[in-house]
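S.K.: Below are the sequence and a predicted model for it; my questions follow.
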Protein chains: 2
Amino acid sequence: MKLYDYTMAPSPRRARMFLAEKGLEPEIVQVDLRASAQLKPEFLAINPQATVPVLVLDDGQAITENLAIAAYLEAAYPEPPLLGTTPLEKARVLQWNSRAEFEGLLAVAEVLRNGHPAFAKRAITGTDDYEQIPQLAERGRARVGRFWGVLEQRLAQSPFVSGERFGMADITAVVAVDFAKVVRLAPPESCTSIRRWHEAMRARPSYGA
Amino acid sequence: MKLYDYTMAPSPRRARMFLAEKGLEPEIVQVDLRASAQLKPEFLAINPQATVPVLVLDDGQAITENLAIAAYLEAAYPEPPLLGTTPLEKARVLQWNSRAEFEGLLAVAEVLRNGHPAFAKRAITGTDDYEQIPQLAERGRARVGRFWGVLEQRLAQSPFVSGERFGMADITAVVAVDFAKVVRLAPPESCTSIRRWHEAMRARPSYGA
């Protein structure tokens, strides 16, 4: 297996953490997004969407999208389970993963990509240029703040984001929290449950993957 | 099982179709979004996020988010499989489901919710008001058009969106196509592969669910 990656980007970090939790160590290929390496023909031949992460299997099949990479790995390497075991647990993992993705990660990305000059015309990942929308950056700020409230409340009730066990939703949420620091929107100190959980996340070997 | 639903909305339609493909017929409870019934205390007690669909199990557990509902149903009622069987098939279903969701459905929603007066201050689902962003409606139009190109190319290569078998990605994509008609952004006539596939979708009993 080979992972097309970019160390500083939040999306491939999710895949790296998932792989690390499974105890897998694929070959890592850096795609330098700051140098627009994802738009070069060599990489577009691997992923025409021009996004990372991409997991390339030994038979050459390329898998894009974090959920898809997770589904592949969970089926091919079931232990330890990261997408839940019972029907309800599976539901809770994807329920909270969806929320962490849409209300957390995507909102932070909206702030960064629509507000930072480095992303001028690059408001969305991929091959196509999209102009920044300053109002979307502003809306993103409000959404991120609200999501910390949701996450704090959730983590006051359960040790991990999707329930009693660590799983993919924790990965997505911790990547969202750390990504938010880039735009100075980290959860406030008053979120003591997020802090407790974040310390537990930081103690896992996958955190530094 | 009980499904909190709203016939005219695209998100709960995905859950209805998934349930129908599994041969399941839960009790249906309409939540009249046009009358803001999702914001009333009775419904917020079921789903504080104020969104549909919600699948409520016989023991009272409430599951929100289409992916979570799908994961529950697939695990509890494995036949027929709608999320793939082999590791690679599972990856392809979620890969294309993610794309149909983000590049298709979400883009159409951006057009409608940021452009139509009926959604003033309701640019995002949920309890919180968000002002419309006209530029986001405009960007959504461009994104929807590009996604039809992606989908057409994909369906020129394979009978179903995620490969050789019908699955969740077909549901999400067909809901996106039909939802786009509301904002007059249906795929152009020149997309003959989409048309062929859409006819096959229309012939399935789940289409009218």
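M.R.: Good, I have the coordinates.
S.K.: Can you name the residues that contact A:H116?
M.R.: By Cβ atoms under 8 Å, 6 or more residues apart in numbering or on different chains, A:H116 lies in contact with A:V183. C-beta: built from backbone N, CA, C; applies to glycine.
S.K.: Got phi/psi on it?
M.R.: phi -90, psi 130 (degrees, to the nearest 10).
S.K.: likewise the one 10 residues further on?
M.R.: When quoted as degrees, to the nearest 10, the phi and psi of A:G126 stand at phi 120, psi -170.
S.K.: wait, isn't it in contact with A:V52?
M.R.: No - counting by Cβ atoms under 8 Å, A:G126 sits too far from A:V52 to count as a contact (11.3 Å).
S.K.: Looking at the two, which one has more neighbours?
M.R.: Neighbours were counted for A:G126 and for A:V52 using other Cβ atoms under 10 Å in any protein chain shown; A:V52 has more, 25 against 17.
S.K.: residues contacting the more buried one?
M.R.: Shown here is A:V52, whose contacts under the criterion Cβ under 8 Å, 6+ apart are A:4-6, A:9, A:11-12, A:31, A:33, A:38.
S.K.: Need the pLDDT of it.
M.R.: For A:V52, the model assigns a pLDDT of 98.
S.K.: contact partners of the top helix by length along chain A?
M.R.: What stands out as the longest helix in chain A, according to DSSP state H, is helix A:134-157. Outside helix A:134-157, the residues that touch it by Cβ under 8 Å, 6+ apart are A:96, A:99-100, A:103-104, A:107-112, A:114-115, A:123, A:161, A:173, A:176, A:180, A:183, A:185, A:187-188, A:191-194, A:196-197, B:123-124, B:128, B:130-131, B:133, B:135-136.
S.K.: Compute the inter-axis angle for that helix and helix B:134-157.
M.R.: Taking axes from the mean of the first three to the mean of the last three Cα atoms, to 10 degrees, one finds helix A:134-157 and helix B:134-157 inclined to each other by 80 degrees.
S.K.: Compute the mean per-residue pLDDT across helix A:134-157, please.
M.R.: In this model, helix A:134-157 carries a mean pLDDT of 98.
S.K.: That one: how far from the chain's middle?
M.R.: Its chain's C-alpha centre and that of helix A:134-157 lie 16 Å apart, by Cα atoms, centre = their mean, to the nearest Å.
S.K.: pLDDT score assigned to A:V93?
M.R.: Predicted confidence (pLDDT) for A:V93: 98.
S.K.: how about it, what does it touch?
M.R.: Taking Cβ under 8 Å, 6+ apart as the definition, contacts of A:V93 comprise A:82-84, A:162, A:167-169, B:68, B:71.
S.K.: next structured bit after the helix or strand encompassing it?
M.R.: Under the assignment given by DSSP states H and E, the secondary-structure element containing A:V93 is helix A:87-99. Next in sequence after helix A:87-99, counting helices and strands by DSSP H and E, comes helix A:106-115.
S.K.: In terms of secondary structure, what does that following helix contact?
M.R.: helix A:134-157, helix A:168-182 (3 or more Cβ pairs under 8 Å, 6 or more residues apart in numbering or on different chains; DSSP states H and E).
S.K.: Could you rerun that using 10 Å?
M.R.: Helix A:106-115 is packed against helix A:10-21, helix A:134-157, helix A:168-182, helix B:134-157, with contacts defined by 3 or more Cβ pairs under 10 Å, 6 or more residues apart in numbering or on different chains; DSSP states H and E.
S.K.: What are the buried residues along the longest helix of chain A?
M.R.: Counting neighbours by 16 or more other Cβ atoms under 10 Å in any protein chain shown, one finds that the buried residues in helix A:134-157 are A:135-141, A:143-144, A:147-148, A:150-152, A:154-155.
S.K.: same thing with stretch A:181-194?
M.R.: Within stretch A:181-194, the residues scored as buried using 16+ other Cβ under 10 Å are A:183, A:185-187, A:191, A:193-194.
S.K.: next one: stretch A:18-33
M.R.: A:18-22, A:26, A:31, A:33.
S.K.: end-to-end on it?
M.R.: Between the start and the finish of stretch A:18-33 there is a gap of 21 Å, counting by Cα to Cα, to the nearest Å.
S.K.: my guess is A:G23 meets A:A209, correct?
M.R.: No - under the criterion of Cβ atoms under 10 Å, A:G23 is not in contact with A:A209, lying 11.1 Å apart.
S.K.: can I see the domain layout of chain A?
M.R.: According to automatic domain parsing, chain A is divided into the following domains: A:2-76, A:87-208.
S.K.: what about the last one, how long is it end to end?
M.R.: Using Cα to Cα, one end of domain A:87-208 lies 31 Å from the other.
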